[in-house]
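Peer 1: okay, predicted coordinates and the sequence, questions at the end:
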Amino acid sequence: MIDPARIKKQRMILCLLLALIFITITISVGLGYSSLSYDRLLPTLFGHGTFKEEFVLFSIRLPRIVITVLAGMALALSGAILQGITRNDLADPGIIGINAGAGVAIAVFFLYFPIKVGSFVYMLPLVAFIGALITAILIYVFSYNKKVGLQPIRLVLVGVGFSLALSGLMIVLISSAERAKVDFIAKWLAGNIWGSDWPFIWALLPWLVLLIPFALYKANRLNLLGLSESASVGVGLSIERERLTLLLTAVALAASAVSVTGGISFIGLMAPHIAKALVGPRNQLFIPIAILIGGWLLLVADTIGRNILEPEGVAAGIMVALIGAPYFIYLLLKK
């Protein structure tokens, strides 16, 4: 049974995070190359703004903000699941190569397959999922040992190796491509929030609507997977089946997010750690908090990045990496 005091603390933190996200969204709407004054925000939101104000709010600001928050949530949940099934606090879809696998699949699809405008947006998450899944399976196979099972440290090392190899393959793929397509893939690699339009939201949202409740339903199984293998088997848990199911969930979440935001790492590493520090390691408690922290972190990174250098700004992936890379090194030394 979960301590009622911890549940109360979790609810308070969730309310604070929702308020923080709302405040950050409000600030983000009023900043940028095409800005919207704060006193005109509510009238414009309710349909009483000028054409320019409505265009800035509904066609430029809100789609990008919603995409950023949803993608951050998906990456944070993916990282929390990966850390749970591997029993490795350094696991993150960007660090261990899953994002790179999705990127290679998107690059191949974008460069060599005929693209239909109407279906392109909705095909991207599926294409990214296939690439990420193949990569995840290969990483899992190379990290697994029949005698001792999955080796957490080896998983990170193999994943980093795959990430570097796939990044090299990406460079080979784009080396002979036309300039316009190379520019797109370069922005994707940097973690530029490129899918900033409403169709991309409708392409990403169904994945989260299905997979977030499923992950929360599986939270207790993640708790059991965090125990030793003998203890997990002792309570009747089918370890490999649960790992595979949750691995597919994590891969789908990460792939759907990076298909519209580009190669963003470290959100899935930092958000679960911060959440655990706040409410403890029980998955039922920290996963909802990690989801909101992930959305907020990516929103803050994108808001700062796009306002540093106008009009292009700095990619959100680079801003996140500036914070996440030192944090990863700190965890690596600590563990």
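Peer 2: Arrived safely.

Peer 1: report the backbone C-alpha coordinates of the host helix or strand of residue 212 in CSV.
Peer 2: For residue 212, the host element (DSSP states H and E) is helix 198-217. In CSV, the C-alpha atoms belonging to helix 198-217 read as follows (Å, rounded to 0.1, in the frame of the first residue of the first chain):
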residue,chain,number,x,y,z
TRP,A,198,-1.8,21.0,-36.5
PRO,A,199,-1.6,17.8,-38.6
PHE,A,200,1.6,16.8,-36.8
ILE,A,201,-0.3,17.1,-33.5
TRP,A,202,-3.1,14.7,-34.8
ALA,A,203,-0.3,12.3,-35.9
LEU,A,204,1.4,12.3,-32.5
LEU,A,205,-1.6,12.5,-30.2
PRO,A,206,-3.2,9.1,-30.7
TRP,A,207,0.1,7.4,-29.7
LEU,A,208,0.1,9.2,-26.4
VAL,A,209,-3.6,8.7,-25.8
LEU,A,210,-3.1,5.0,-26.1
LEU,A,211,0.3,4.4,-24.6
ILE,A,212,0.3,6.7,-21.5
PRO,A,213,-2.7,4.9,-19.9
PHE,A,214,-1.1,1.6,-20.9
ALA,A,215,2.2,2.5,-19.2
LEU,A,216,0.4,3.6,-16.1
TYR,A,217,-1.5,0.3,-16.0
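
Peer 1: go through the next helix-or-strand element following it and flag the buried ones.
Peer 2: Of the helices and strands lying after helix 198-217 in sequence (DSSP H and E), the nearest is helix 219-225. Neighbour-count burial for helix 219-225 flags 219, 221, 222, 224, 225 (criterion: 16 or more other C-beta atoms under 10 Å). C-beta coordinates here come from the backbone N, C-alpha and C atoms, glycine included.

Peer 1: nearest to residue 36 among these?
Peer 2: Nearest to residue 36, judged by C-beta to C-beta, of the buried residues of helix 219-225 is residue 219 at 39.3 Å.

Peer 1: follow-up on the earlier one: packing partners for the helix holding residue 212?
Peer 2: helix 62-86, helix 117-143, helix 239-261, helix 283-308 (3 or more C-beta pairs under 8 Å, 6 or more residues apart in numbering; DSSP states H and E).

Peer 1: at 6 Å what do you get?
Peer 2: When contacts are defined as 3 or more C-beta pairs under 6 Å, 6 or more residues apart in numbering; DSSP states H and E, helix 198-217 packs onto helix 62-86, helix 117-143, helix 239-261.

Peer 1: spatially central residue for the protein, please.
Peer 2: The structure's the chain has its C-alpha centroid closest to residue 75; by C-alpha atoms, centre = their mean the separation is 1.9 Å.

Peer 1: excluding chain neighbours, what is closest to it?
Peer 2: With sequence-adjacent residues excluded and distances taken as C-beta to C-beta, 6 or more residues apart in numbering, residue 75 is closest to residue 267, at 4.2 Å.

Peer 1: what about that neighbour, distance to residue 78?
Peer 2: Plainly put, residue 267 is 9 Å away from residue 78 if you go by C-beta to C-beta, to the nearest Å.

Peer 1: do the same with residue 254
Peer 2: According to C-beta to C-beta, residue 254 stands 4 Å off from residue 78.

Peer 1: which neighbours do the two share?
Peer 2: residue 93 (C-beta atoms under 6 Å, 6 or more residues apart in numbering).

Peer 1: tabulate the helices and strands packed on helix 198-217 (a markdown table), appending distance to residue 109 and mean pLDDT.
Peer 2: Below are the helices and strands packed on helix 198-217 laid out as a markdown table (distance: least, C-beta to C-beta, whole Å; pLDDT from 0 to 100):
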| stretch | distance to residue 109 | mean pLDDT |
| --- | --- | --- |
| helix 62-86 | 19 | 92 |
| helix 117-143 | 5 | 83 |
| helix 239-261 | 10 | 87 |
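
Peer 1: residue 16: neighbour count?
Peer 2: Per other C-beta atoms under 10 Å, the neighbour tally for residue 16 reads 12.

Peer 1: and it, what element?
Peer 2: Assigned by DSSP H and E, residue 16 belongs to helix 4-29.

Peer 1: rounded mean pLDDT for the following helix or strand past that helix, please.
Peer 2: Note on helix 4-29: by DSSP H and E, the next helix or strand toward the C-terminus is helix 41-45. The average pLDDT within helix 41-45 is 79.

Peer 1: buried sites along helix 41-45?
Peer 2: For helix 41-45, the neighbour count (16+ other C-beta under 10 Å) marks 41, 44, 45 as buried.

Peer 1: now the last one, nearest residue through space, not along the chain?
Peer 2: By the measure of C-beta to C-beta, 6+ apart, the closest residue to residue 45 outside its immediate chain neighbours is residue 57, 6.8 Å from it.
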